[in-house]
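Student: Sequence and computational prediction follow.
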Amino acid sequence: MKENKENAKGSPALPVAPARGRLRPLGLDEVRITGGFWARRRETNTTAILGHCRDWMERVGWIGNFRAAVEGRIEQDRRGREFADSDVYKLLEAMSWAAGDGADPALDAQIAAITDTIAPAQETDGYLNTAFGRPGQQPRYSDLEWGHELYCYGHLIQAGVAQARARGEGELTKVARRAADHVCATFGPGGIEGVCGHPEIETALVELARLTGEQRYLDQAALFVERRGHGTLADIEFGRAYYQDDVPVRDATVLRGHAVRALYLAAGAVDVAVETGDDALLAAVVRQWDAAVARRTYLTGGMGSHHRDESFGDDFVLPPDRAYSETCAGVASVMLSWRLLLATGEPRFADLAERTLFNVVATSPSEDGRSFFYANTLHRRRRGAVPPADSDSPRAESSLRAPWFAVSCCPTNVARTLALLPAYLATADDNGVQLHQYADAEISTTLANGDGVALRVRTDYPSGGSVTVRIARSPDRPWTLSLRVPAWTDGATAWLVDADGVRRAVAPGTAAVTRVFRPGDEIRLELPMAPRWIEPDPRIDSVRGSVAVQRGPLVYCAESVDLPGGHEVDAVRVDPSTEPQDGPDDTVVAPGELTVPRDPDDAAWPYRPPGRAAAPATDRTGIVLVPYHSWANRGPSTMRVWLPTTYTP
């Protein structure tokens, strides 16, 4: 594993800054998204989502909890769940990255104002939490299983790191460092030999170590990773697997338990492995990732099929109508995949990150950025009701996007992901620059030998498949430009056109051009964007006999608002013997029919010998499909991703 010498000192504007690894990430100071799909969503993040989250946290009292703690009225006035503090911290992280991107000059003042509310609630030894430790509350660290104290610190520390890297060290960073020092003193050798029921502190401590160069933060993160899986936490009705305390990280073979917890822990383990050179630990996480992607991941990239405990199901238990697929699990999956990509350089990790970004993260917020999905089902059987605009939703499973939730981890996680998204686009190594995600962008960086390189990326991806990279600045020596050829192109043909106009077919993986580039040279990747049928593994019982449609990285769905005659999506049947075709405005038209049983007897016993049902009435038609990320933006509807191919009487 190579050392990233430039990052060993803590590069600015980077959410993840490993000291070593196969690839060096490029930060917000090196990559700028200038247009297209993600630019529109990042603009919505700045103009709507950040302010929406801040206003709601004031309305429901979560920012006010810190004032109540300082003023001695916390016992009677505290609002929200035990982890409410963490959402304030995630908002601060999102604001910090957005401020560093120059998105809104007012953000620095807003960050300072919220920090000025938080800082006085921190105790002299660095402890900071509004749910524990004060008169009328449970003692500190008396409920490591469910209390989330260390989890909250993790998000505080990540916010402090974001401020330092994006805008320079400020009061928020100082508050975070004091909290981290408290954690090391309390949970280090000779202290409490425990872990948090919700992993998150691990990756935060590693990033703080990278920022500051302080070894004790890395040591504490490594200690938390090694303690996990030894029954430190109490057994619960879901079992210790719920919070990954059943099997040591090194011995686990698959991601299991609560999906967000599992993914955050895996990300932290990768961070520890990279910084300590622990190849065995890294290999263990890769093994778990491989198994989870092969057997426990939805077509959308979503993870988690259990509602009751928000967890992974068993292998191939992926029911579309009961997909929990929490937005936060999508964010955590991207975080893990990005770390594995940096460590190994293998494009398959960028493939999953792309799928998850387009089909989970982008699905959560509404078009106006003021309502969100917490869970992301793949099949909605009944039309939902519009949630009230002035109250938070008590349930994660909302039939339409809700403005806020009693547990609101997802909106703030979306906000911070969109704010730092440019840092997921590109990397560098000793030989050149690699593009992993595609968006209109400007990239300017310095290679390991000091040579400056600047690129201009033009694309309408994911609507179109042409990605043009124009060289704006280049040294007078050969270097390598690499572009990821997505795994979804398998079975079709992608083309790479080099600066001399030579066109060659490229297979899924990486397409590279090595040469002396001149300013004005262009490299073009042409990706096959025709919509295609997708079949499930037959071991996924819940969707056997169905197909889905994917176009580029986008998963598509049928939505009742596009069906004629008031039909719901349970009437849709498709014919996979004929390929789907592009429709207007990014829609796809699939050959099929609308099928309804004649004179159905809804009161009859629903099981019978074959052939006893009334013949169905059918209407041959083209079934209009829309990108899954766009569903439920046009009012209540039914929806399904997996489409039956035949009607069985």
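Tutor: Cool, the structure landed. Residues are numbered from 1 along each chain as shown.
Student: Not counting its neighbours along the chain, what's nearest residue 248?
Tutor: If you skip the residues right next to it in sequence, residue 248 has residue 229 as its closest partner in space, 3.7 Å away by C-beta to C-beta, 6 or more residues apart in numbering. C-betas here are computed from N, CA, C, even on glycine.
Student: wait, is the one you found part of a strand?
Tutor: No. Going by DSSP: H, G, I helix; E, B strand; the rest coil, the assignment for residue 229 is coil, not a strand.
Student: Contacts only, for it.
Tutor: 244, 245, 246, 247, 248, 249, 251, 252 (C-beta atoms under 8 Å, 6 or more residues apart in numbering).
Student: same thing but 6 Å
Tutor: Taking C-beta atoms under 6 Å, 6 or more residues apart in numbering as the definition of contact, the neighbours of residue 229 are 245, 247, 248, 249.
Student: Let's have the residues you listed in a markdown table, adding distance to residue 132 and secondary structure.
Tutor: Conversion of the contacts of residue 229 to a markdown table gives the following (distance: C-beta to C-beta, whole Å; DSSP: H, G, I helix; E, B strand; the rest coil):
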| residue | distance to residue 132 | secondary structure |
| --- | --- | --- |
| 245 | 20 | coil |
| 247 | 29 | coil |
| 248 | 28 | coil |
| 249 | 27 | coil |
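Student: who wins for most neighbours among those residues?
Tutor: Neighbours were tallied for each of those (criterion: other C-beta atoms under 10 Å), and the maximum of 26 neighbours falls on residue 245.
Student: my guess is that one meets residue 233, correct?
Tutor: Yes. Proximity of residue 245 to residue 233 meets the contact threshold set by C-beta atoms under 6 Å, at 4.5 Å.
Student: Run through the strands of the stretch 301-450 of the chain in chain order.
Tutor: For the stretch 301-450 of the chain, the strands defined by DSSP state E, counting those that start in this stretch occupy 379-380, 426-428, 432-435, 440-446.
Student: ok, the longest one: who's next to it in the sheet?
Tutor: What it means is strand 440-446. The pairing partners recorded for strand 440-446 under DSSP bridges are strand 31-35 (antiparallel), strand 452-459 (antiparallel).
Student: now that strand, how far from the chain's geometric center?
Tutor: Computed by C-alpha atoms, centre = their mean, to the nearest Å, the chain-centroid distance of strand 440-446 equals 23 Å.
Student: With stretch 311-329 instead?
Tutor: Relative to its chain's centre, stretch 311-329 lies at 15 Å (C-alpha atoms, centre = their mean).
Student: what's the answer for stretch 610-630, then?
Tutor: On the basis of C-alpha atoms, centre = their mean, the separation between the geometric centre of stretch 610-630 and that of its chain is 33 Å.
Student: what about that stretch, start to end distance?
Tutor: With C-alpha to C-alpha, to the nearest Å applied, stretch 610-630 spans 39 Å between its terminal residues.
Student: Using CSV, please lay out the strands paired with strand 440-446 together with distance to residue 411.
Tutor: Formatted as CSV, the strands paired with strand 440-446 follow (distance: least, C-beta to C-beta, whole Å):
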stretch, distance to residue 411
strand 31-35, 21
strand 452-459, 28
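Student: Check which element follows the longest strand seen in the chain along the chain.
Tutor: Ranked by residue count under DSSP state E, the longest strand found in the chain is strand 616-627. Note on strand 616-627: by DSSP states H and E, the next helix or strand toward the C-terminus is strand 639-640.
Student: partners of that next one in the sheet?
Tutor: Sheet neighbours of strand 639-640, with direction, are listed as strand 379-380 (antiparallel), strand 554-559 (antiparallel) (DSSP bridges).
Student: So for the shortest one, mean pLDDT?
Tutor: Model confidence over strand 379-380 averages 96 on the pLDDT scale.
Student: Go ahead and name everything in contact with that strand.
Tutor: Residues external to strand 379-380 that are found in contact with it (C-beta under 6 Å, 6+ apart): 320, 321, 638, 639, 640.
Student: partners of the longest strand of the chain, with directions?
Tutor: In the sheet, strand 616-627 lines up with strand 554-559 (antiparallel), strand 588-597 (antiparallel) (DSSP bridges).
Student: would TSV of these with distance to residue 408 and mean neighbour count be doable?
Tutor: Output for these, formatted as TSV (distance: least, C-beta to C-beta, whole Å; neighbours: other C-beta atoms under 10 Å):
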stretch	distance to residue 408	mean neighbour count
strand 554-559	26	26
strand 588-597	34	19
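Student: Test my guess that residue 580 contacts residue 549.
Tutor: Yes. Counting by C-beta under 6 Å, a contact exists between residue 580 and residue 549, whose distance comes to 5.3 Å.
Student: how close does the closest residue to residue 104 other than its chain neighbours get to residue 275?
Tutor: Excluding its sequence neighbours, the residue lying closest to residue 104 (C-beta to C-beta, 6+ apart) is residue 46, at 5.4 Å. When distance is defined by C-beta to C-beta, to the nearest Å, residue 46 is 32 Å away from residue 275.
Student: Residue 547 too?
Tutor: 44 Å.
Student: Please apply the same query to residue 117.
Tutor: Computed with C-beta to C-beta, the distance linking residue 117 and residue 275 is 33 Å.
Student: thinking again about what came up before, may I see the buried residues of the longest strand of the chain?
Tutor: Under the neighbour-count criterion of 16 or more other C-beta atoms under 10 Å, strand 616-627 has 616, 621, 623, 624, 625, 626, 627 buried.
Student: what do you get for stretch 199-213?
Tutor: 199-212.
Student: Please list the outside residues in contact with that stretch.
Tutor: Outside stretch 199-213, the residues within contact range by C-beta under 6 Å, 6+ apart are 10, 17, 150-151, 153-154, 157-158, 161, 164, 180, 217-218, 220-221, 224-225, 261, 264-265, 267-268, 271.
Student: Of the residues you listed, which count as buried by neighbour count?
Tutor: In these, the ones that pass as buried (16+ other C-beta under 10 Å) are 10, 17, 150-151, 153-154, 157-158, 161, 164, 180, 217-218, 220-221, 224-225, 261, 264-265, 267-268, 271.
Student: Residue 252: how many residues sit nearby?
Tutor: 24.
Student: swap in residue 569?
Tutor: Using other C-beta under 10 Å, residue 569 is surrounded by 22 other residues.
Student: Can you tell me how far it is from residue 554?
Tutor: On the measure of C-beta to C-beta, residue 569 and residue 554 end up 18 Å apart.
Student: Next: residue 476.
Tutor: Taking C-beta to C-beta as the measure, residue 476 and residue 554 are separated by 41 Å.
Student: What distance do you get for the residue nearest the centre of the chain to residue 143?
Tutor: By C-alpha atoms, centre = their mean, the chain has its centre lying nearest to residue 331, at 1.9 Å. From residue 331 over to residue 143 the distance is 25 Å, taken as C-beta to C-beta.
Student: just so I have it, where are all the strands in the stretch 1-150 of the chain?
Tutor: Secondary structure of the stretch 1-150 of the chain, counting by DSSP E, counting those that start in this stretch: strands at 24-25, 31-35.
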